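Enquirer: okay, sequence plus prediction incoming.
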Amino acid sequence: LGIVVPIRVNEYVVLGRRRCRALAGLVHCKHHHCVGARCRTVEREVERLDAHRGNVETALGVMLATRIVPGITCQDGATLVVVVLLLSFFNAILKPLMVLFTLPFILVTLGLGVVVINALLFLLVGRLVEGFHVAGFWPAVGGSLVVSVTNLLLSVFLRGRRPTPRAPRRGKRPDDVIDI
């Protein structure tokens, strides 16, 4: 139906009906659509899903924040989508600049300044998006903490530890030459 989800099965990575052992790092890929040792089609799908996974984690965090933190309300699902997109945009563009300019403050407060920056971004999104209301600074702090903890927990449990890719084993051939 247009959505392809890669699933790791034994030593293969299954993408739809295709099986690619190259993504698992076991052998060189022999598919006609692959170049080198990695399957480009499978890698593109995994990267695309990883990009959306961050937005889903943020959406779950914002939903939890509206349920847990008093003073934060979200009108409907469309508003939630706009909030997630704006938060993602602000975290990608504004947050690095704010961290750079407030680095001495962040160092003096032993990292608590980052919590203030997250709360300010959360408050800014609350002011910009109609239908998403953040009552003040302290609800914004609580909401940003809920979103951060949700992102952390989901990324730890869903992404897990990825195995390091192994190079395919080759037997030593007598014609191998090592140039120094």
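Expert: Sure, I can see it. This one's a predicted model, so the numbers in the text were calculated from it and none came from an experiment.
Enquirer: show me where the protein dips below the pLDDT cut-off.
Expert: For the chain, applying pLDDT under 70 flags the ranges 1-51, 159-177, 179.
Enquirer: any chance you could map the strands in it?
Expert: Along the chain, counting by DSSP state E, strands occupy 6-9, 12-15, 18-20, 72-74, 132-134.
Enquirer: distance check, L87 against L112.
Expert: Separation of L87 from L112 (C-beta to C-beta, to the nearest Å): 20 Å. Quick note: C-beta positions are derived from backbone N, CA and C, even for glycine.
Enquirer: so which of those two has more stuff around it?
Expert: L87 (24 against 11; other C-beta atoms under 10 Å).
Enquirer: residue boundaries of the helices in the protein?
Expert: For the chain, the helices defined by DSSP state H occupy 40-68, 77-101, 103-108, 112-128, 137-154.
Enquirer: now do the buried residues in the third one.
Expert: Applying a neighbour-count criterion of 16 or more other C-beta atoms under 10 Å, one finds I106 buried in helix 103-108.
Enquirer: contacts for it, please.
Expert: Helix 103-108 is contacted from outside by 99, 112-114, using C-beta atoms under 8 Å, 6 or more residues apart in numbering.
Enquirer: which of those lies closest to W138?
Expert: Taking C-beta to C-beta as the measure, L112 is the one of the contacts of helix 103-108 closest to W138, at 14.3 Å.
Enquirer: ok, now which ones touch the closest one?
Expert: Counting by C-beta under 8 Å, 6+ apart, L112 makes contact with I106.
Enquirer: how much space separates it from E57?
Expert: Taking C-beta to C-beta, one finds L112 at 23 Å from E57.
Enquirer: what sits closest to A135 if chain neighbours are left out?
Expert: Using C-beta to C-beta, 6 or more residues apart in numbering and skipping the chain neighbours, the partner closest in space to A135 is G71 (3.3 Å).
Enquirer: give me the phi and psi for the one you found.
Expert: With angles defined as degrees, to the nearest 10, G71 shows backbone torsions of phi 110, psi 0.
Enquirer: can you list the helices of the chain in TSV and add distance to I178?
Expert: Formatted as TSV, these follow (distance: least, C-beta to C-beta, whole Å):
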stretch	distance to I178
helix 40-68	31
helix 77-101	44
helix 103-108	47
helix 112-128	49
helix 137-154	46
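Enquirer: looking at the ones you listed, spot the one closest to I180.
Expert: helix 40-68 (33.7 Å).
Enquirer: sorry, back to before: of all the contacts of helix 103-108, which comes closest to M63?
Expert: Nearest to M63 among the contacts of helix 103-108: V114, at 22.7 Å, using C-beta to C-beta.
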